[in-house]
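**Student:** no sequence on hand, only this structure:
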């Protein structure tokens, strides 16, 4: 049970009225409004709200007005967001139920009087929404319900656009209660990935940690960037959600330092030119590496200082500063694309291979400049691991289907050696990312970032077919079973798959399985 009520700081939030344990369902809710149409008749209804719409281009549920011409005179950086606002206003106008409309209008949106000095990103959003409103007033079909809305309640149209930008979930779904859940960088709940049923589009919120009665329920708006440092997290929140996060994690990161931004100490490990020594880069135990952590200068809130436990406050030289900034800029640009599209596995093999090569190069650059424990190095490693596992699965499927004519034995041996090297690199990458996530000491289990790639590693190892490899593969599945998959975060199908991977070696060797619940989780050190 939950309750929506005012927060101490302002606005409203969702609070627990009972205790919730990890994996327990907090809320399941169908949307008040869905911006993306799901049927051909809904697409037709949306398109009928506009005039001068050019037929011919491929349209879809996600982009039913992709062929609506937006002139270059409209200067907006985010054209997809601009189209989304147009679509939201048209979708709202088609709602028949006045009570649902009223509930949608009660959701949060920025103050229309906000100034660029107070919040430049929010002010830019309002300006974009005003441009969208003006464009709609010119482009809507004069006989449409959209036209009627914009003539009688233009302010309402503006409101809807802002509500959409600030409250919509994936697929353009807007909820009465779920859309009121606030963000925290140390979230205690998640939107379950098996949340949407084929019919109702019901969304499920599950607890990821123990939530006490009266505690605020929070999710993360950042996806995988939740595991970045405080500067990156708040940069994205300001650009995408138009606020600065003041959660406990962010406040501590600002004043006490953020391990996610750790770099090898500039004084303990001076750089030769732009790059760290190789032993320092990878921190593989060859030497002891001391790290310095960024935090805000107490005397100047706009200045970042670095603190080393051994050296105290240390200064970056201009070369190191410039190199770090350039490496971060390239890493962020690549990650913003890679973290969004990492689940897309239907690309051509060559395309995936090219992306892997680019990610590997950037991961090496990031590690050589920022070190192995910096968030950018680890998230690049994570993106590369996801893509590489997809390629490995495809290669193994082709190999198993190919057979042998006896002439390609040498080639097969070489391929096997390459495959073993690749999986060894994947295992090393997975261990590094797990260690990184655990170093952040968040409420969530590391499976919320690497659950699926852990299963990917297990699948490859089990796919070798020998008991030793299968048993080793099961260990990776076990580490994300009890505290992640078994709790239902990925649905019943994944629970069965992970259980199968855990017990595959036992079936192969004739050892009695431990049942559908799987084995108890073994404590293992994440190296």
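**Tutor:** Arrived safely. Since this is a predicted model, take the numbers as computed values, not measurements.

**Student:** who's in contact with stretch 360-375?
**Tutor:** Stretch 360-375 is contacted by residues 227-229, 232, 259-264, 274-276, 280-283, 289, 291, 323-324, 327-328, 330-331, 334, 376-378, 380-381, 384, 432, 436, 439 when judged by C-beta atoms under 8 Å, 6 or more residues apart in numbering. All C-beta spots, glycine's among them, are computed from the backbone N, C-alpha and C.

**Student:** what residues sit buried inside the host helix or strand of residue 383?
**Tutor:** Using DSSP states H and E, residue 383 falls within helix 375-402. For helix 375-402, burial by neighbour count (16 or more other C-beta atoms under 10 Å) applies to 375-392, 395-396.

**Student:** by mean pLDDT, flag the weakest helix or strand of this structure.
**Tutor:** Sorting the helices and strands of the chain by mean pLDDT, DSSP states H and E puts strand 2-6 at the bottom, at a mean of 81.

**Student:** give me the sheet partners of it and which way each runs.
**Tutor:** strand 12-16 (antiparallel) (DSSP bridges).

**Student:** now, the contacts of stretch 360-375 that are in strands?
**Tutor:** Secondary structure from DSSP state E places 263-264, 291 of the contacts of stretch 360-375 in strands.

**Student:** who wins for most neighbours among those?
**Tutor:** Neighbour counts for those peak at residue 264, which has 25 neighbours (criterion: other C-beta atoms under 10 Å).

**Student:** give the bridge partners for that one, please.
**Tutor:** Under the criterion used (DSSP bridges), residue 264 bridges to residue 291.

**Student:** tell me who's in contact with it.
**Tutor:** With the criterion set at C-beta under 8 Å, 6+ apart, residue 264 makes contact with 276, 280-281, 283, 289-292, 371.

**Student:** give me the low-pLDDT residue ranges for the protein?
**Tutor:** Low-confidence segments of the chain (pLDDT under 70): 8-10, 54-62, 193-200, 299, 301, 338-352, 399-413, 512-527.

**Student:** neighbours of residue 507, how many?
**Tutor:** Residues contacting residue 507 under the criterion other C-beta under 10 Å number 12.

**Student:** which element, helix or strand, includes it?
**Tutor:** In the assignment (DSSP H and E), residue 507 maps to helix 492-509.

**Student:** can you spell out which helices and strands pack onto that helix?
**Tutor:** Secondary-structure packing of helix 492-509 (3 or more C-beta pairs under 8 Å, 6 or more residues apart in numbering; DSSP states H and E): helix 447-463, helix 467-479.

**Student:** which among those is found nearest to residue 108?
**Tutor:** helix 447-463 (25.6 Å; C-beta to C-beta).

**Student:** between helix 492-509 and that closest one, find me the angle.
**Tutor:** Interaxial angle, helix 447-463 versus helix 492-509 (axes from the mean of the first three to the mean of the last three C-alpha atoms, to 10 degrees): 30 degrees.

**Student:** and the contacts of helix 447-463?
**Tutor:** For helix 447-463, the surrounding residues in contact (C-beta under 8 Å, 6+ apart) are 190, 208, 224, 227, 382, 385-386, 389-390, 392-393, 396, 400, 423, 426-427, 430, 433-434, 437, 469-470, 472-474, 476-477, 479-480, 483-485, 489-490, 494, 497-498, 501, 504-505.

**Student:** orientation of that helix relative to helix 467-479 in degrees?
**Tutor:** Using the same axes, to 10 degrees, the inter-axis angle of helix 447-463 relative to helix 467-479 is 170 degrees.

**Student:** quick one, phi/psi of residue 222?
**Tutor:** With angles defined as degrees, to the nearest 10, residue 222 sits at phi -100, psi -10.

**Student:** just checking, it touches residue 230?
**Tutor:** No: contact between residue 222 and residue 230 fails when scored by C-beta atoms under 8 Å: they sit 11.5 Å apart.

**Student:** rewinding a little: quick check: which of the helices and strands packed on helix 492-509 has the most neighbours on average?
**Tutor:** helix 447-463 (a mean of 23; mean count of other C-beta atoms under 10 Å).

**Student:** show me how far that one is from its chain's centre.
**Tutor:** Helix 447-463 sits 18 Å away from the centroid of its parent chain (C-alpha atoms, centre = their mean, to the nearest Å).

**Student:** ditto for stretch 286-301
**Tutor:** The answer for stretch 286-301 is 26 Å, by C-alpha atoms, centre = their mean.
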